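Colleague: sequence plus the predicted model coming up.
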Amino acid sequence: PIRAVLFDLSAVPLIDGGDFEALGQLAVCNKVLGTSTTLIGIQPGVAAYLASLPMEPPFLNFAQTMASALRLHG
């Protein structure tokens, strides 16, 4: 069975609220299917923008590297 869905965003320089909301909706769908969702390698500017949004990421995990994401999910 699939235990986690990993999205590597290390090459994504910009993300907006709509993009983040779509990732959140994917995470909710994954949670319903019994899978967790992890975003990997978020750039500092993207992280700062996401921290300023008035919404909390539902069912999203964050990891700095692919290796740390794999350790997170065993």
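Modeller: Received the coordinates, thanks.
Colleague: mind naming the longest helix for the chain?
Modeller: As assigned by DSSP state H, the longest helix anywhere in the chain is helix 17-32.
Colleague: tell me the mean pLDDT for that helix?
Modeller: Mean pLDDT, computed over helix 17-32, is 91.
Colleague: can you name the element that comes right after that helix?
Modeller: Of the helices and strands lying after helix 17-32 in sequence (DSSP states H and E), the nearest is strand 36-40.
Colleague: low pLDDT regions in this structure?
Modeller: For the chain, no stretch has pLDDT under 70.
Colleague: what residue lies at the spatial centre of it?
Modeller: Centroid-nearest residue in the chain: residue 39, 2.8 Å away (criterion: Cα atoms, centre = their mean).
Colleague: for it, give me its contacts.
Modeller: Residues near residue 39 by Cβ atoms under 8 Å, 6 or more residues apart in numbering: 7, 9, 23, 60, 61, 62, 63. Placement of C-beta: from N, CA and C, glycine included.
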